[in-house]
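Asks: here's my sequence, what's the structure:
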Amino acid sequence: MSVTTEQQTNLTRFGKYLEDNDLRPHLVAELAGVSRQHVYRLRFGRAEPTRPVMIWLTGACRQLRRRAVRITELFDLGDGER
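Replies: Just a heads-up that it's a prediction; the model follows:
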């Protein structure tokens, strides 16, 4: 599902990554083992992910993209982004 221009300005890094890479949020959610509603909240900054959820979502994106994906591509770790 594509988001409107107004919604794009409200996307988090995770949301922008999904849009830029044409990843379906419901597929990412299913592979990561989280609800699609939670993925929606994360995309628009309505919830903060825990570290385990970040890892699961990164793994799901790796599977769908079939390439290495760094967690910092998806999330702002806020600690110098190691």
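Asks: most centrally placed residue in the chain?
Replies: Nearest residue to the geometric centre of the chain (CA atoms, centre = their mean): residue 14, 3.5 Å.
Asks: can you give me the strands in the chain?
Replies: Taking DSSP state E, the chain contains no strands at all.
Asks: one step back: once you drop chain neighbours, what's closest to the residue nearest to the centre of the chain?
Replies: Leaving aside its sequence neighbours, residue 14 sits nearest to residue 74 (CB to CB, 6 or more residues apart in numbering; 4.8 Å). To be clear about C-beta, it is placed using only N, CA and C from the backbone, and glycine gets the same treatment.
Asks: look up how far residue 17 lies from that neighbour.
Replies: Distance, residue 74 to residue 17, by CB to CB, to the nearest Å: 5 Å.
Asks: if I look at the two, which residues touch both of them?
Replies: Contact criterion CB atoms under 8 Å, 6 or more residues apart in numbering; residues shared by residue 74 and residue 17: residue 61.
Asks: low-confidence stretches in this protein?
Replies: For the chain, residues meeting the criterion pLDDT under 70 lie at 1-8, 79-82.
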